[in-house]
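Undergrad: Give me a model of this one.
(chains A, B, C and D)
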Number of protein chains: 2
Amino acid sequence: MFEPVTIKDIAKALGLSTSTVSRALRDTHEISAATKKVVLEYAKEIGYQPNPIALSLKERRSKSIGVVVSEVANSYFSQAINGIESIAYDRGYHVIISQTHESFEREVSNVQHLASRSVDGLLVSLSSQTTDISHLTHLHDRGLPIVFFDRVADEIDTHKVIANNQQGAFDATEHLIKSGFKRIAHLTSSSHLSISIERLAGYEAALKAHNIKPNPAYVKFCPHGGMLYEETETAIKELLALPEKPDAIFVAGDRLSTGCLSVFKNLNVAVPKDMAIAGFSNSDVLDLFNPSITSIRQPAFEIGQLATQMLLQLIEAKYPVVEFEKKILETDLFIRN
Amino acid sequence: MFEPVTIKDIAKALGLSTSTVSRALRDTHEISAATKKVVLEYAKEIGYQPNPIALSLKERRSKSIGVVVSEVANSYFSQAINGIESIAYDRGYHVIISQTHESFEREVSNVQHLASRSVDGLLVSLSSQTTDISHLTHLHDRGLPIVFFDRVADEIDTHKVIANNQQGAFDATEHLIKSGFKRIAHLTSSSHLSISIERLAGYEAALKAHNIKPNPAYVKFCPHGGMLYEETETAIKELLALPEKPDAIFVAGDRLSTGCLSVFKNLNVAVPKDMAIAGFSNSDVLDLFNPSITSIRQPAFEIGQLATQMLLQLIEAKYPVVEFEKKILETDLFIRN
DNA sequence: TTAATTTGTGCAATCGTTCCCGACAACGTT
DNA sequence: AACGTTGTCGGGAACGATTGCACAAATTAA
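TA: A predicted model of the protein is given here:
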């Protein structure tokens, strides 16, 4: 059906050997100008394209990187992906995106699928359900370059790129405090995720800085990160049932924010009259709507770019890299209302 | 660095030939049960994984399909991608996503990148700027399977999967009419896009069905499909400057809807008091916010699934397929406010 | 003129896998 | 006893491209 022209076709047509043709196309100095001209012109005429798969087999690399995110239908990740692509395509790499939908099983299966020598490196943001990372350590130990971004695993010694989650959480919580709210709850994703830990720390630091006694009952975890409506609903209902009902919530993620608003709408809780919300979100339509919520915005595009640059550096390193760094980018606070 | 185990390693360790090992692993009938057992056990022990690149070279297919969309940060496309992946991964295919950001140049470059024998087929939704499709016809003529979805090119004879855009546009427009609006404008993407043509037809049909005289000045095109704020702003301003200012707008796309709301917010036009809006959108957070806008929702996930099934059918067909079909899926009208 | 060097090209191996042959034993059939 | 079958296995050629090495022809140096 689809029969691409090969170097052999050119060689046969021109009465040359494949080696000569290959060298002519790669513009080696040891081929005469005349031969080069003939080969190049004929190659262009019949539309020769080198077969990347044959090259991959020979060079033992695929010129493609795998990306593992929870889902592309998430402003943060889609912006990060744009950053990833902007670097990767320029450097001649394909980008293969896979979604975990916050499921551990899908993460393992996707990583396994991407590995097995068909990608040269991995850009990973862990799923909220992931606690065991042996599927990644195994590959990393065998030499597959991996760079983490957003949700990182500190157990693996490699490059990492994250936003300053603690500062961002501090800013958001402090903004709620300065707006006059006293009883500030915190709705977050699963407790073992790096971003959850960092954001929780920022939330607690802000309370402490303003002499507000932290209330453990005010902190609610959603292991599925907002993917399950019921989970979010239960958490919110528990908060609302407390004797000292919170008057504001700092929400730690994009999906959780929308889940939260959804629950409030169904429970007829007015935002921000009955309950103020501030949270992490990279959605750019946030300020179009009411209720508008104050948000912490991460430099997702830059995070994607940086992570990719670091991954390519690992991939193309001549000698094994042993010195790794964790880059932390600052967040922005968008105050609305 | 990363040295995967090959069939040769197994052969050497077990004192067999590579052919025998290969056959044992593929469970051929001509290998004795004893040998099979030894090979399989050893392969499992050292964690053998067949090299997909070597397979691709031999089988002359990559077991991967390319997807061309305008951007993943779009509810419709991210849902369609989920549908695509749900089928592709089950059938053992990788999915390589590329974004055009509504640019013709990027579409050509992405398609070229994906082709050249590294994908077995293409799932394409055209960019809003694309009028010349020779980059696709060329590949299609040479036998590369292509299936269009959403924004299709009728010039190419292949499978196509779309929503019933005309009916959806009819429903949305009729809803505005039945809500009492008389002067209904239409804001749409570039004029040559299949979806624009179909949605315009539905809009006009609805006006006609209710004996409303169509006003050509009420129809505004945005060739960049909402990617440029200024373009959308100009279109809206022209509508507002008309002697008979419209009282409602039927918007033909997701990005245009948010662009539209953005312009109205900046111009202090109250929605829906001063201007009602209804439009195509697959966002699932639409009903969380005010102003809530009535929307036409496409079965994006199913469209993705169907398109992928049809593409895989083309890819895996033993004989060239000559009979092509265009599947049209119904839309849903979500009335809000 | 002869030897040494340069220049241009081809041969063959390689990457990992599959698969067409052919080899060769151990049978069963006439 | 001669021949055909069947069951197991290995050799080697592909797939498309690159590249070290060999080697002829042409050029230069002695």
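
Undergrad: quick one, strands of the stretch 201-337 of chain A?
TA: A:219-221, A:248-251, A:276-280, A:294-297, A:326-329, A:332-334 (DSSP state E, counting those that start in this stretch).

Undergrad: Give me the sheet partners of the second one and which way each runs.
TA: I take that to be strand A:248-251. Strand A:248-251 pairs in its sheet with strand A:184-188 (parallel), strand A:276-280 (parallel), by DSSP bridges.

Undergrad: Run the contact check for stretch A:127-145 versus chain B.
TA: Yes: Stretch A:127-145 reaches chain B (CB under 8 Å from any CB of the partner chain) through A:Arg142, A:Gly143, A:Leu144. Where you see a C-beta, it was placed from the backbone N, CA and C, and this is true even at glycine.

Undergrad: hang on, the second one is in a helix, isn't it?
TA: No: assessed by DSSP: H, G, I helix; E, B strand; the rest coil, A:Gly143 does not belong to a helix; its assignment is coil.

Undergrad: Which pLDDT value goes with it?
TA: With respect to pLDDT, A:Gly143 scores 88.

Undergrad: Please look at it and B:Glu3 and confirm they touch.
TA: Yes: counting by CB atoms under 8 Å, A:Gly143 does reach B:Glu3; the two are 7.4 Å apart.

Undergrad: In space, what's closest to A:Pro272 - neighbours in sequence excluded?
TA: Leaving aside its chain neighbours, A:Pro272 sits nearest to A:Pro291 (5.7 Å; criterion: CB to CB, 6 or more residues apart in numbering or on different chains).

Undergrad: So what does that neighbour look like in phi/psi?
TA: When read as degrees, to the nearest 10, the backbone of A:Pro291 gives phi -70, psi 140.

Undergrad: next one: A:Leu144
TA: Dihedral angles (degrees, to the nearest 10) for A:Leu144: phi -80, psi 120.

Undergrad: Pretty sure it sits against A:Gly121.
TA: Yes: between A:Leu144 and A:Gly121 there is a contact under CB under 8 Å: 6.8 Å.

Undergrad: How about the contacts made by A:Lys63?
TA: With contact set as CB atoms under 8 Å, 6 or more residues apart in numbering or on different chains, A:Lys63 has these partners: A:Pro52, A:Leu55, A:Ser56, A:Gly92, A:Tyr93, A:His94, A:Asp120.

Undergrad: May I have the residues that are in contact with the fourth one?
TA: Think A:Gly92. Here A:Gly92 is in contact with A:Lys63 (CB under 8 Å, 6+ apart).

Undergrad: tell me which element it falls in.
TA: Using DSSP states H and E, A:Gly92 sits within no helix or strand.

Undergrad: For it, give its distance to DNA strand C.
TA: With distances taken as CB to the nearest atom of the strand, to the nearest Å, A:Gly92 is found 19 Å from DNA strand C.

Undergrad: Among the contacts of A:Lys63, name the ones in helices.
TA: A:Pro52, A:Leu55, A:Ser56 (DSSP state H).

Undergrad: Buried ones from those residues, can you make that a PyMOL selection?
TA: Here is the PyMOL command that selects only those of the ones in helices among the contacts of A:Lys63 that count as buried (16 or more other CB atoms under 10 Å in any protein chain shown):
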select buried, chain A and resi 52+56
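
Undergrad: Just to check, A:Ser75 is in contact with A:Ser281?
TA: Yes: with contact defined as CB under 8 Å, A:Ser75 reaches A:Ser281; the gap is 6.9 Å.

Undergrad: shared neighbours, those two?
TA: Shared contacts of A:Ser75 and A:Ser281 (CB under 8 Å, 6+ apart): A:Asp254.

Undergrad: Show the residue spans covered by the helices in chain A.
TA: Using DSSP H, helices in chain A cover A:7-14, A:18-25, A:33-45, A:52-59, A:75-90, A:104-114, A:134-141, A:165-178, A:194-209, A:229-240, A:254-266, A:300-315.

Undergrad: Could you list the buried residues of the third one?
TA: Right, the one you point to is helix A:33-45. A:Lys36, A:Val38, A:Val39, A:Leu40, A:Tyr42, A:Ala43.

Undergrad: next one: stretch A:148-155
TA: Buried residues in stretch A:148-155 (16+ other CB under 10 Å): A:Phe148, A:Phe149, A:Asp150, A:Arg151, A:Val152, A:Ala153.

Undergrad: Could you tell me how far the third one is located from chain B?
TA: What that stands for is A:Asp150. For A:Asp150, the distance to chain B (CB to the nearest CB, to the nearest Å) stands at 16 Å.

Undergrad: which ones are touching that residue?
TA: Here A:Asp150 is in contact with A:Tyr76, A:Ala80, A:Ser125, A:Val161, A:Ile162, A:Ala163, A:Ile195, A:Ile303 (CB under 8 Å, 6+ apart).

Undergrad: ditto for the fifth one
TA: With contact set as CB under 8 Å, 6+ apart, A:Val152 has these partners: A:Leu126, A:Lys160, A:Ile162, A:Ser194, A:Lys326.

Undergrad: again, only this time at 6 Å
TA: For A:Val152, the contact set (CB atoms under 6 Å, 6 or more residues apart in numbering or on different chains) comprises A:Lys160, A:Ser194.

Undergrad: Where does pLDDT dip in the stretch 51-200 of chain A?
TA: Residue ranges of the stretch 51-200 of chain A with pLDDT under 70: A:117.

Undergrad: Could you list the contact residues of it toward DNA strand C?
TA: Within the stretch 51-200 of chain A, the positions near DNA strand C by CB under 7 Å from any atom of the strand are A:Ala54, A:Leu57, A:Lys58, A:Arg60.

Undergrad: Please, a ChimeraX command that selects the buried ones among these?
TA: Per 16+ other CB under 10 Å, the buried members of these correspond to this ChimeraX selection:
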select /A:57
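
Undergrad: With respect to B:Pro216, which of the residues of the stretch 51-200 of chain A next to DNA strand C is nearest?
TA: A:Ala54 (56.0 Å; CB to CB).

Undergrad: what's the closest non-adjacent residue to that closest one?
TA: Counting by CB to CB, 6+ apart, B:Leu57 is the residue found nearest to A:Ala54 once chain neighbours are left out, at 5.6 Å.

Undergrad: How about A:Ile277?
TA: Closest residue to A:Ile277 apart from its sequence neighbours, by CB to CB, 6+ apart: A:Ile293 at 4.6 Å.
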